[in-house]
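1. need the 3D shape of this:
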Amino acid sequence: MAHTIREIAAALGAEAAGDLDLRVTGAAEPKAARADQLALAMDPKYAGGLAGGQALAAMLWAGADWQGLGLKAAIFAPRGRLAMAGLTVLLDAGPEIAAGIHPMTVIHPEAEIGAGAAIGPFVTIGRGARIGAGARIASHVSVAEGATIGDQVLLCQGVRIGARVSIGDRFIAQPGAVVGSDGFSFVTPEKSGVEEIRETLGERSEIRAQSWTRIHSLGAVTIGDDVEIGANVCIDRGTIRDTVIGSGTKLDNLVHIGHNVQIGRDCLLCGQVGIAGSARIGDRVVMGGQCGVNDNIFVGDDVIAGGATKIFTNAPAGRVLLGYPAVKMETHVEMQKALRRLPRLAAKVAELEKAAKGGAE
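-> Just a heads-up that it's a prediction; the model follows:
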(Lines give C-alpha, C1' and ligand atoms only; values in the text may rest on other atoms or scores of the structure.)
Protein backbone atom coordinates (compact mmCIF):
# COMPACT_ATOMS: atom_id res chain seq x y z
CA MET A 1 0.00 0.00 0.00
CA ALA A 2 1.36 3.42 -0.98
CA HIS A 3 1.33 6.44 1.34
CA THR A 4 2.01 10.09 0.60
CA ILE A 5 4.69 11.99 2.48
CA ARG A 6 1.86 14.13 3.84
CA GLU A 7 0.06 11.08 5.26
CA ILE A 8 3.19 9.69 6.84
CA ALA A 9 4.15 13.01 8.44
CA ALA A 10 0.63 13.45 9.82
CA ALA A 11 0.66 9.93 11.29
CA LEU A 12 3.99 10.62 12.99
CA GLY A 13 3.12 14.16 14.07
CA ALA A 14 6.30 15.26 12.30
CA GLU A 15 7.24 18.19 10.07
CA ALA A 16 7.75 17.62 6.35
CA ALA A 17 8.94 19.63 3.38
CA GLY A 18 8.96 19.42 -0.42
CA ASP A 19 6.51 17.48 -2.58
CA LEU A 20 4.15 16.21 0.11
CA ASP A 21 2.03 14.35 -2.44
CA LEU A 22 4.96 12.12 -3.40
CA ARG A 23 3.97 8.50 -2.73
CA VAL A 24 6.12 5.74 -1.25
CA THR A 25 5.38 2.04 -0.89
CA GLY A 26 7.82 1.21 1.87
CA ALA A 27 11.04 2.12 3.66
CA ALA A 28 14.68 1.17 3.08
CA GLU A 29 18.24 1.99 4.10
CA PRO A 30 19.65 4.91 2.09
CA LYS A 31 21.98 2.94 -0.20
CA ALA A 32 19.34 0.33 -0.99
CA ALA A 33 16.33 2.62 -1.38
CA ARG A 34 14.38 2.58 -4.63
CA ALA A 35 12.62 5.62 -6.03
CA ASP A 36 9.32 4.48 -4.53
CA GLN A 37 10.77 3.94 -1.03
CA LEU A 38 11.36 6.28 1.90
CA ALA A 39 15.06 6.31 2.80
CA LEU A 40 15.79 6.23 6.54
CA ALA A 41 18.65 8.58 7.37
CA MET A 42 17.71 10.01 10.77
CA ASP A 43 21.35 10.68 11.66
CA PRO A 44 23.88 12.72 9.62
CA LYS A 45 26.23 9.73 9.50
CA TYR A 46 23.77 7.99 7.16
CA ALA A 47 23.45 10.93 4.75
CA GLY A 48 26.27 9.74 2.50
CA GLY A 49 24.30 6.65 1.60
CA LEU A 50 21.58 8.70 -0.09
CA ALA A 51 23.79 9.38 -3.12
CA GLY A 52 24.17 5.64 -3.69
CA GLY A 53 20.44 4.96 -3.62
CA GLN A 54 17.52 6.13 -5.73
CA ALA A 55 15.27 7.58 -3.03
CA LEU A 56 13.36 10.74 -3.82
CA ALA A 57 12.23 11.19 -0.20
CA ALA A 58 13.85 10.46 3.13
CA MET A 59 13.27 10.63 6.85
CA LEU A 60 16.00 12.93 8.13
CA TRP A 61 17.28 14.53 11.33
CA ALA A 62 15.85 17.88 12.37
CA GLY A 63 17.30 20.80 10.39
CA ALA A 64 18.78 18.65 7.61
CA ASP A 65 19.42 20.31 4.22
CA TRP A 66 17.13 17.98 2.30
CA GLN A 67 17.45 19.89 -0.97
CA GLY A 68 21.23 19.81 -0.74
CA LEU A 69 20.93 16.03 -0.46
CA GLY A 70 19.12 15.94 -3.80
CA LEU A 71 15.70 14.95 -2.43
CA LYS A 72 12.25 15.97 -3.57
CA ALA A 73 10.69 15.60 -0.11
CA ALA A 74 11.70 14.99 3.48
CA ILE A 75 10.20 14.16 6.87
CA PHE A 76 12.08 15.46 9.91
CA ALA A 77 12.43 13.21 12.95
CA PRO A 78 13.93 14.83 16.08
CA ARG A 79 13.90 11.41 17.77
CA GLY A 80 14.71 8.92 15.04
CA ARG A 81 13.87 5.61 16.68
CA LEU A 82 10.57 6.94 17.98
CA ALA A 83 9.67 8.06 14.47
CA MET A 84 10.64 4.61 13.21
CA ALA A 85 8.21 3.07 15.67
CA GLY A 86 5.35 5.09 14.22
CA LEU A 87 6.47 4.49 10.64
CA THR A 88 6.67 0.72 11.06
CA VAL A 89 3.17 0.64 12.56
CA LEU A 90 1.91 2.47 9.48
CA LEU A 91 3.73 0.24 6.97
CA ASP A 92 3.40 -3.19 8.61
CA ALA A 93 0.18 -4.97 7.70
CA GLY A 94 1.07 -7.93 9.92
CA PRO A 95 0.33 -11.57 9.06
CA GLU A 96 -2.34 -12.14 6.46
CA ILE A 97 -5.38 -13.61 8.23
CA ALA A 98 -8.64 -13.66 6.30
CA ALA A 99 -11.67 -12.08 7.93
CA GLY A 100 -14.09 -14.41 9.69
CA ILE A 101 -13.53 -17.97 10.89
CA HIS A 102 -11.76 -20.46 8.63
CA PRO A 103 -13.79 -23.65 8.02
CA MET A 104 -10.87 -25.83 9.15
CA THR A 105 -10.96 -24.35 12.67
CA VAL A 106 -12.48 -26.20 15.64
CA ILE A 107 -14.32 -24.01 18.14
CA HIS A 108 -16.13 -25.50 21.15
CA PRO A 109 -19.83 -24.57 21.17
CA GLU A 110 -19.46 -22.99 24.62
CA ALA A 111 -16.64 -20.68 23.49
CA GLU A 112 -17.36 -17.00 22.83
CA ILE A 113 -15.88 -15.22 19.82
CA GLY A 114 -15.93 -11.39 19.76
CA ALA A 115 -17.15 -9.27 16.89
CA GLY A 116 -14.79 -8.89 13.96
CA ALA A 117 -12.42 -11.67 14.99
CA ALA A 118 -10.32 -13.24 12.22
CA ILE A 119 -9.35 -16.85 12.88
CA GLY A 120 -7.13 -18.87 10.54
CA PRO A 121 -7.05 -22.61 9.76
CA PHE A 122 -6.24 -25.43 12.18
CA VAL A 123 -7.02 -23.30 15.24
CA THR A 124 -8.65 -24.97 18.26
CA ILE A 125 -10.57 -23.01 20.89
CA GLY A 126 -11.68 -24.85 24.01
CA ARG A 127 -14.78 -24.93 26.15
CA GLY A 128 -15.63 -21.66 27.84
CA ALA A 129 -12.81 -19.73 26.17
CA ARG A 130 -13.54 -16.10 25.30
CA ILE A 131 -11.91 -14.27 22.41
CA GLY A 132 -12.22 -10.47 22.31
CA ALA A 133 -13.41 -8.21 19.53
CA GLY A 134 -11.10 -7.71 16.58
CA ALA A 135 -8.77 -10.52 17.61
CA ARG A 136 -6.50 -11.94 14.89
CA ILE A 137 -5.50 -15.56 15.32
CA ALA A 138 -3.15 -17.20 12.80
CA SER A 139 -2.98 -20.87 11.89
CA HIS A 140 -2.23 -23.73 14.31
CA VAL A 141 -3.00 -21.72 17.45
CA SER A 142 -4.65 -23.43 20.41
CA VAL A 143 -6.62 -21.66 23.12
CA ALA A 144 -7.46 -24.00 26.00
CA GLU A 145 -10.59 -24.22 28.11
CA GLY A 146 -11.54 -21.23 30.21
CA ALA A 147 -8.93 -18.89 28.72
CA THR A 148 -9.90 -15.25 28.25
CA ILE A 149 -8.26 -13.09 25.59
CA GLY A 150 -8.95 -9.36 25.22
CA ASP A 151 -9.72 -7.13 22.26
CA GLN A 152 -7.43 -6.48 19.28
CA VAL A 153 -4.97 -9.24 20.14
CA LEU A 154 -2.66 -10.91 17.64
CA LEU A 155 -1.69 -14.54 18.11
CA CYS A 156 0.82 -15.63 15.48
CA GLN A 157 1.32 -19.14 14.14
CA GLY A 158 1.60 -21.95 16.62
CA VAL A 159 0.91 -19.96 19.80
CA ARG A 160 -0.41 -22.00 22.74
CA ILE A 161 -2.64 -20.41 25.37
CA GLY A 162 -3.24 -22.69 28.36
CA ALA A 163 -6.27 -23.31 30.52
CA ARG A 164 -7.73 -20.44 32.57
CA VAL A 165 -5.16 -17.95 31.29
CA SER A 166 -6.39 -14.33 31.31
CA ILE A 167 -4.93 -11.88 28.78
CA GLY A 168 -5.73 -8.19 28.33
CA ASP A 169 -6.23 -6.06 25.23
CA ARG A 170 -3.78 -5.54 22.35
CA PHE A 171 -1.65 -8.53 23.33
CA ILE A 172 0.83 -9.77 20.70
CA ALA A 173 2.40 -13.24 20.77
CA GLN A 174 4.98 -14.26 18.17
CA PRO A 175 5.15 -17.79 16.69
CA GLY A 176 5.59 -20.68 19.07
CA ALA A 177 4.99 -18.77 22.32
CA VAL A 178 3.45 -20.78 25.16
CA VAL A 179 1.43 -19.09 27.91
CA GLY A 180 0.19 -21.30 30.72
CA SER A 181 2.37 -24.39 30.72
CA ASP A 182 2.81 -26.25 34.00
CA GLY A 183 5.36 -24.85 36.43
CA PHE A 184 8.57 -26.78 37.08
CA SER A 185 7.74 -27.80 40.64
CA PHE A 186 9.00 -31.02 42.22
CA VAL A 187 9.69 -32.15 45.77
CA THR A 188 11.44 -35.14 47.37
CA PRO A 189 9.87 -37.16 50.22
CA GLU A 190 13.09 -36.70 52.19
CA LYS A 191 15.22 -33.56 52.40
CA SER A 192 16.93 -33.22 49.03
CA GLY A 193 20.58 -32.51 48.38
CA VAL A 194 19.60 -29.07 47.07
CA GLU A 195 17.81 -28.18 50.31
CA GLU A 196 20.75 -29.40 52.35
CA ILE A 197 23.40 -27.38 50.55
CA ARG A 198 21.21 -24.29 50.66
CA GLU A 199 21.12 -24.57 54.44
CA THR A 200 24.81 -25.43 54.85
CA LEU A 201 26.22 -23.44 51.91
CA GLY A 202 27.81 -26.48 50.35
CA GLU A 203 28.32 -29.06 53.10
CA ARG A 204 26.56 -32.42 52.68
CA SER A 205 26.32 -35.01 55.45
CA GLU A 206 25.88 -37.81 52.94
CA ILE A 207 24.94 -38.40 49.31
CA ARG A 208 21.87 -40.60 49.02
CA ALA A 209 19.31 -41.60 46.43
CA GLN A 210 16.36 -39.27 45.96
CA SER A 211 13.27 -39.22 43.75
CA TRP A 212 11.10 -36.32 42.57
CA THR A 213 7.37 -35.94 43.18
CA ARG A 214 5.45 -33.55 40.93
CA ILE A 215 3.58 -30.54 42.33
CA HIS A 216 0.78 -29.69 39.91
CA SER A 217 -0.01 -26.12 38.86
CA LEU A 218 -3.47 -25.11 40.06
CA GLY A 219 -3.00 -21.42 39.28
CA ALA A 220 -2.96 -19.79 35.87
CA VAL A 221 -1.37 -16.77 34.17
CA THR A 222 -2.73 -13.20 34.23
CA ILE A 223 -1.41 -10.76 31.62
CA GLY A 224 -2.27 -7.05 31.44
CA ASP A 225 -2.90 -4.81 28.42
CA ASP A 226 -0.39 -3.98 25.67
CA VAL A 227 1.93 -6.87 26.51
CA GLU A 228 4.07 -8.40 23.75
CA ILE A 229 5.93 -11.71 23.88
CA GLY A 230 8.45 -13.02 21.36
CA ALA A 231 8.88 -16.33 19.58
CA ASN A 232 9.12 -19.41 21.81
CA VAL A 233 8.57 -17.50 25.03
CA CYS A 234 7.36 -19.78 27.84
CA ILE A 235 5.31 -18.49 30.76
CA ASP A 236 4.44 -21.07 33.44
CA ARG A 237 1.21 -21.19 35.42
CA GLY A 238 1.35 -20.48 39.12
CA THR A 239 1.21 -23.30 41.63
CA ILE A 240 -1.71 -21.81 43.59
CA ARG A 241 -1.82 -18.11 42.71
CA ASP A 242 -1.39 -16.85 39.16
CA THR A 243 1.84 -15.92 37.47
CA VAL A 244 1.39 -12.21 36.58
CA ILE A 245 2.77 -10.05 33.76
CA GLY A 246 1.99 -6.33 34.12
CA SER A 247 0.60 -4.05 31.42
CA GLY A 248 3.04 -2.72 28.83
CA THR A 249 5.73 -5.32 29.49
CA LYS A 250 7.67 -6.74 26.51
CA LEU A 251 9.39 -10.14 26.44
CA ASP A 252 11.92 -11.01 23.73
CA ASN A 253 12.36 -14.41 22.07
CA LEU A 254 13.14 -17.42 24.28
CA VAL A 255 12.38 -15.69 27.58
CA HIS A 256 11.25 -18.08 30.31
CA ILE A 257 9.03 -16.92 33.18
CA GLY A 258 8.74 -19.48 35.98
CA HIS A 259 5.72 -20.31 38.12
CA ASN A 260 4.35 -17.69 40.55
CA VAL A 261 6.58 -14.95 39.13
CA GLN A 262 5.18 -11.42 39.41
CA ILE A 263 6.41 -8.94 36.77
CA GLY A 264 5.45 -5.29 36.95
CA ARG A 265 4.46 -2.76 34.30
CA ASP A 266 6.51 -1.61 31.30
CA CYS A 267 9.39 -4.02 31.82
CA LEU A 268 11.70 -5.01 28.94
CA LEU A 269 13.26 -8.48 29.11
CA CYS A 270 15.64 -9.35 26.26
CA GLY A 271 16.36 -12.73 24.66
CA GLN A 272 17.00 -15.79 26.83
CA VAL A 273 16.24 -14.07 30.12
CA GLY A 274 15.15 -16.58 32.76
CA ILE A 275 13.14 -15.68 35.86
CA ALA A 276 12.97 -18.46 38.45
CA GLY A 277 9.84 -19.34 40.39
CA SER A 278 8.22 -16.87 42.80
CA ALA A 279 10.60 -14.02 41.96
CA ARG A 280 9.05 -10.54 41.97
CA ILE A 281 10.10 -7.96 39.39
CA GLY A 282 9.15 -4.30 39.82
CA ASP A 283 8.00 -1.76 37.25
CA ARG A 284 10.13 -0.54 34.32
CA VAL A 285 12.85 -3.13 34.89
CA VAL A 286 15.19 -3.72 31.93
CA MET A 287 17.23 -6.93 31.58
CA GLY A 288 19.74 -7.57 28.80
CA GLY A 289 20.01 -10.90 27.04
CA GLN A 290 20.69 -14.04 29.11
CA CYS A 291 20.08 -12.36 32.47
CA GLY A 292 18.96 -14.71 35.21
CA VAL A 293 16.99 -14.07 38.38
CA ASN A 294 17.04 -16.44 41.34
CA ASP A 295 13.83 -17.81 42.82
CA ASN A 296 12.00 -16.05 45.68
CA ILE A 297 13.84 -12.73 45.42
CA PHE A 298 12.74 -9.18 44.59
CA VAL A 299 14.09 -6.89 41.87
CA GLY A 300 13.03 -3.31 42.52
CA ASP A 301 11.50 -0.72 40.21
CA ASP A 302 13.70 0.77 37.45
CA VAL A 303 16.55 -1.71 37.86
CA ILE A 304 18.69 -2.10 34.73
CA ALA A 305 20.73 -5.30 34.38
CA GLY A 306 23.30 -5.67 31.60
CA GLY A 307 23.55 -8.77 29.44
CA ALA A 308 24.25 -12.12 31.18
CA THR A 309 23.91 -10.58 34.66
CA LYS A 310 22.90 -13.15 37.28
CA ILE A 311 20.84 -11.75 40.16
CA PHE A 312 20.96 -13.98 43.25
CA THR A 313 19.81 -11.55 45.95
CA ASN A 314 17.28 -8.74 46.28
CA ALA A 315 18.10 -5.74 44.08
CA PRO A 316 17.13 -2.24 45.34
CA ALA A 317 15.08 0.09 43.14
CA GLY A 318 17.04 2.05 40.54
CA ARG A 319 20.20 -0.07 40.77
CA VAL A 320 22.28 -0.68 37.62
CA LEU A 321 23.74 -4.19 37.73
CA LEU A 322 26.37 -6.18 35.86
CA GLY A 323 28.18 -9.46 36.32
CA TYR A 324 28.02 -12.90 37.86
CA PRO A 325 27.00 -12.59 40.60
CA ALA A 326 25.35 -9.21 40.04
CA VAL A 327 27.07 -6.18 41.53
CA LYS A 328 26.75 -2.43 40.94
CA MET A 329 27.92 -1.48 37.46
CA GLU A 330 30.74 0.71 38.75
CA THR A 331 31.94 -2.09 41.03
CA HIS A 332 31.88 -4.57 38.15
CA VAL A 333 33.94 -2.20 35.99
CA GLU A 334 36.57 -1.85 38.73
CA MET A 335 36.64 -5.62 39.22
CA GLN A 336 37.26 -6.16 35.51
CA LYS A 337 40.05 -3.59 35.52
CA ALA A 338 41.65 -5.36 38.46
CA LEU A 339 41.26 -8.72 36.73
CA ARG A 340 43.14 -7.46 33.68
CA ARG A 341 45.97 -6.28 35.94
CA LEU A 342 46.40 -9.69 37.59
CA PRO A 343 49.06 -11.06 35.16
CA ARG A 344 51.27 -8.01 35.70
CA LEU A 345 50.68 -8.20 39.46
CA ALA A 346 51.59 -11.89 39.51
CA ALA A 347 54.80 -11.14 37.58
CA LYS A 348 55.75 -8.41 40.07
CA VAL A 349 55.07 -10.74 43.02
CA ALA A 350 57.28 -13.38 41.40
CA GLU A 351 60.09 -10.84 40.99
CA LEU A 352 59.76 -9.77 44.61
CA GLU A 353 59.83 -13.41 45.78
CA LYS A 354 62.92 -14.04 43.70
CA ALA A 355 64.62 -10.92 45.08
CA ALA A 356 63.67 -11.84 48.63
CA LYS A 357 65.13 -15.32 48.26
CA GLY A 358 68.33 -13.87 46.77
CA GLY A 359 68.68 -11.47 49.65
CA ALA A 360 68.15 -14.23 52.17
CA GLU A 361 71.01 -16.21 50.66
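2. can you give me the helices for the stretch 101-250 of the chain?
-> 193-200 (DSSP state H, counting those that start in this stretch).
3. I'd like the mean pLDDT over the biggest helix by length in the chain, please.
-> Taking DSSP state H as the criterion, the chain has its longest helix at helix 329-360. Over the span of helix 329-360, the pLDDT mean works out to 91.
4. how about stretch 63-79?
-> Mean predicted confidence for stretch 63-79 is 96.
5. report the buried residues of stretch 139-157.
-> Using 16 or more other Cβ atoms under 10 Å as the test for burial, stretch 139-157 gives 139-144, 146-157. To be clear about C-beta, it is placed using only N, CA and C from the backbone, and glycine gets the same treatment.
6. now stretch 111-131
-> 111, 113-114, 117-120, 123, 125-126, 128-131.
7. same deal with stretch 34-46?
-> Buried residues in stretch 34-46, counting neighbours by 16+ other Cβ under 10 Å, are found at Asp36, Gln37, Leu38, Ala39, Leu40, Ala41, Met42, Tyr46.
8. make sure the last one is actually in contact with Leu40.
-> Looking back up the chat, that one is Tyr46. Yes. Using Cβ atoms under 8 Å, Tyr46 is in contact with Leu40, at 7.5 Å.
9. now the common contact residues for those two.
-> Common neighbours of Tyr46 and Leu40 (criterion: Cβ atoms under 8 Å, 6 or more residues apart in numbering): Glu29, Pro30.
10. make TSV out of the buried residues of stretch 34-46 and add distance to Ile245, secondary structure and pLDDT.
-> Shown next, in TSV, are these (distance: Cβ to Cβ, whole Å; DSSP: H, G, I helix; E, B strand; the rest coil; pLDDT from 0 to 100):
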residue	distance to Ile245	secondary structure	pLDDT
Asp36	40	coil	97
Gln37	37	strand	98
Leu38	35	strand	98
Ala39	37	strand	98
Leu40	32	strand	97
Ala41	37	strand	97
Met42	32	coil	96
Tyr46	36	helix	95
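11. and those, which is closest to Arg23?
-> Arg23 lies nearest to Asp36 out of the buried residues of stretch 34-46, by Cβ to Cβ, at 7.3 Å.
12. please name the nearest non-neighbouring residue to that closest one.
-> Using Cβ to Cβ, 6 or more residues apart in numbering and skipping the chain neighbours, the partner closest in space to Asp36 is Thr25 (4.9 Å).
13. counting neighbours, what do you get for that neighbour?
-> Using other Cβ atoms under 10 Å, Thr25 has 12 other residues around it.
14. residues contacting it?
-> By Cβ under 8 Å, 6+ apart, Thr25 lies in contact with Met1, Ala2, His3, Asp36, Gln37.
15. and those as JSON lines, adding distance to Asp266?
-> Output for the contacts of Thr25, formatted as JSON lines (distance: Cβ to Cβ, whole Å):
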{"residue": "Met1", "distance to Asp266": "31"}
{"residue": "Ala2", "distance to Asp266": "35"}
{"residue": "His3", "distance to Asp266": "30"}
{"residue": "Asp36", "distance to Asp266": "37"}
{"residue": "Gln37", "distance to Asp266": "33"}
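16. low-confidence regions, the protein specifically.
-> 359-361 (pLDDT under 70).
17. try 90 this time
-> Applying pLDDT under 90 to the chain flags residues 1, 93-94, 191, 195-196, 198-199, 201-208, 354-361.
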